[in-house]
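> A structural model of the following input is requested.
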Amino acid sequence: ADGGEPPPPPADAIEALRTALVHVQPLAQGSNRLWIDFAAVAPTIDDARARTLLLPLAEQTSELSLARCAVTDAFLADLVRFPRLARLDLRATGIGDAGLAELASHAALMELVLVETKLSDAAVDVLLALPALERTYLWHSGVSSAGLARLRAERPGLEVLAGDEPAAAVVEAEGALAF
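Numbering: from 1, shown residues only. From the prediction side, this is the model:
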């Protein structure tokens, strides 16, 4: 349900991102789907600035990092209009349960980074509702161990990375090759 290949991005919208020192590149050569990363200017990006820069590219945005940006719950309502958004990084933002709830019906979201956010166990219902979600990162997100357990129990196919997993067992080393 990703709507196929989007139309080409408006050149002025791409130029606006580059002028604002925002990283933007096609996901693959010849693709109109975009990866946009605000890392270099994150502290200066609030809801209004994010809207101005991103809404003209709603059709093309596929991977978006708003990590450490000053965006709030209010901005997440806009992301529902991004039909091809598959990966979203909200690490270290002020996002909470209300903002996440705005994304509950998003059909394309496959990966969601919510590390160092302001969530509670109410977020579990939203994560369970996201139909395409395959992986979520929840370290220091406010979701309790009980919430994590419920998420894993009710969506066994969902990869939940929260820093609470036991260290992986050491895989037996392969013997020396004999020729």
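> burial count for the closest residue to L161 other than its chain neighbours?
Spatially, and ignoring its direct neighbours in sequence, L161 is nearest to Y137 (4.8 Å; C-beta to C-beta, 6 or more residues apart in numbering). Every residue, glycine included, has its C-beta placed from N, CA and C. For Y137, the count of nearby residues is 20 (other C-beta atoms under 10 Å).
> mind listing what Y137 touches?
Y137 is in contact with 91, 112-115, 161-162, counting by C-beta atoms under 8 Å, 6 or more residues apart in numbering.
> just the buried subset of those, please.
By neighbour count, with 16 or more other C-beta atoms under 10 Å, the contacts of Y137 hold 91, 112-115, 162 as buried.
> tell me the one of those nearest S62?
Nearest to S62 out of the buried ones among the contacts of Y137 is L112 (C-beta to C-beta; 13.8 Å).
> from E134, how far out is H23?
Going from H23 to E134 by C-beta to C-beta, to the nearest Å gives 24 Å.
> take the buried ones among the contacts of Y137 and keep only those in strands.
Using DSSP state E, 112-113 are the members of the buried ones among the contacts of Y137 that sit in strands.
> can I get the buried ones among the contacts of Y137 in CSV including distance to A104 and pLDDT?
Formatted as CSV, the buried ones among the contacts of Y137 follow (distance: C-beta to C-beta, whole Å; pLDDT from 0 to 100):
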residue, distance to A104, pLDDT
R91, 20, 97
L112, 12, 97
V113, 17, 98
L114, 14, 97
V115, 20, 96
A162, 20, 94
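> closest one to P43 out of the buried ones among the contacts of Y137, please.
P43 has its nearest neighbour among the buried ones among the contacts of Y137 in R91, at 13.6 Å by C-beta to C-beta.
> excluding its backbone neighbours, what's nearest the closest one?
Ranked by C-beta to C-beta, 6+ apart and with sequence neighbours excluded, the top spatial neighbour of R91 is A67, at 4.1 Å.
> so what's the one you found up against?
Going by C-beta under 8 Å, 6+ apart, the list of residues near A67 reads 38-39, 42, 89-93, 113.
> for it, give me the pLDDT.
Confidence at A67, expressed as pLDDT, is 97.
> low-confidence regions, the chain specifically.
Applying pLDDT under 70 to the chain flags the ranges 1-3, 166-179.
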